[in-house]
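>>> Sharing a sequence plus its predicted fold:
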Amino acid sequence: MTLPDEFTEDRDTQYKLGEMYYAGEGIPQDYAKAVECWQKAADQGLADAQHKLGFMYNTGRGVPADYVKAVEWYQKAANQGYAKAQNNLGVMYANGKGVPTDYVKAVEWWEKAANQGIAEAQYVLGEVYATGRGVPKDDAIAIQWFQMTAVQGDGKVQQSAKNHLEEIFLTNQFEAIQARSNWLLAERNLKGSKMMIQFIGNTTPEMRIGMEKAFREGMGRDFDPATEFNIEVDEALCAVSEQHFVDALRKLETNWPEKCTADLIQKFEDVDLDGIHKWMPELTKEMLALKLRMRDGNEKVSS
């Protein structure tokens, strides 16, 4: 049956026919006829066909290679929001094919394609930001684009994105871990110190003097329990380390009376070691050992 002319000239039909010629589906493979069909569809404004024409001129299939014409057709499709054409147009600008090399424009088109989910564009943006080529180097943005690529499957570009992520994390591992460690240490010192402040406020004079000394040494200034039991200076408390308390506790024990008072023993019995342990485990061990020595002998034990 012969199809009406108005149907065979329909852009969608021409596009499909071009795909059949390109792939050799049901008809002999013929790149030139594929180009002819896609030309008819592209002239009617079909973005898919415009992109295909750009690809054919870019690769020299069915027509002599012509980068200028490739850019022309990629541009027409890209202007219609066709993501694959936007990605390829970015490649043309990056490589200076058919247009002057312009990495700024390349990145602009890659971002348009990447925001529509094109993994290749997301990946290349990751590379661009990781290396600082055409944009300020920014590992954080690179990681975001590589992560967006990596979660789209297990293809080559996804695996390459995963490899880049590993490289970035390894490169920055020490700095990141060190920063995290410093933050956790400060947080631990802060929370542990605040708990010890509460404890000191209810303890014996001997304990209070020793613990106040620990705060003075850690904060680098005088510690006034009358005004600082409810201290709000977090930065200063962060400097009071666990070791300050451990040292103070050991010094205190060597200076206590021969017989520890029942009041002091009870104060140690009442200490919330579980609460302090989360932030200062070594101090907790020291306090627990002292509690046991005081309980078992109720006498001074040299350190």
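Received it, and whenever you're ready, just let me know what you need. On a predicted model such as this, the values are computed, not experimentally measured, just so you know.

>>> alpha carbons only for contacts and neighbour counts from here, please
OK.

>>> Alpha carbons only: can I get stretch 19-36 in PDB?
Presented in PDB, the C-alpha positions along stretch 19-36 are these (Å, rounded to 0.1, in the frame of the first residue of the first chain):
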ATOM      1  CA  GLU A  19      16.200   5.800  12.400                       C
ATOM      2  CA  MET A  20      15.300   2.600  10.400                       C
ATOM      3  CA  TYR A  21      17.900   3.600   7.700                       C
ATOM      4  CA  TYR A  22      20.500   4.400  10.300                       C
ATOM      5  CA  ALA A  23      20.100   1.100  12.200                       C
ATOM      6  CA  GLY A  24      19.200  -1.100   9.200                       C
ATOM      7  CA  GLU A  25      15.900  -2.100  10.700                       C
ATOM      8  CA  GLY A  26      13.800  -3.900   8.100                       C
ATOM      9  CA  ILE A  27      15.700  -2.100   5.300                       C
ATOM     10  CA  PRO A  28      19.300  -1.900   4.200                       C
ATOM     11  CA  GLN A  29      21.400   0.300   6.400                       C
ATOM     12  CA  ASP A  30      22.000   3.600   4.600                       C
ATOM     13  CA  TYR A  31      23.400   6.600   6.500                       C
ATOM     14  CA  ALA A  32      22.900   9.000   3.500                       C
ATOM     15  CA  LYS A  33      19.200   8.200   3.400                       C
ATOM     16  CA  ALA A  34      19.000   8.500   7.200                       C
ATOM     17  CA  VAL A  35      20.400  12.000   6.900                       C
ATOM     18  CA  GLU A  36      17.900  12.800   4.100                       C
END
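
>>> what sits up against that stretch?
17-18, 53, 56, 61-63 (CA atoms under 8 Å, 6 or more residues apart in numbering).

>>> ok, and the most crowded of those?
Most neighbours among those, by other CA atoms under 10 Å: Leu53, with 30 neighbours.

>>> Assign that residue to helix, strand or coil.
helix (DSSP: H, G, I helix; E, B strand; the rest coil).

>>> Break this structure into its domains for me.
Domain assignment for the chain by automatic domain parsing gives 1-116, 117-171, 175-297.

>>> Go ahead and confirm Val99 touches Lys69.
No: using CA atoms under 8 Å, Val99 makes no contact with Lys69, being 10.4 Å away.

>>> comparing the domains of the chain, which gets the lowest mean pLDDT score?
The minimum mean pLDDT among the domains of the chain belongs to domain 175-297 (a mean of 57).

>>> Mind listing what's buried along the helix or strand harbouring Ala49?
Assessed by DSSP states H and E, Ala49 sits inside helix 47-59. Buried residues in helix 47-59, counting neighbours by 16 or more other CA atoms under 10 Å, are found at 47-58.
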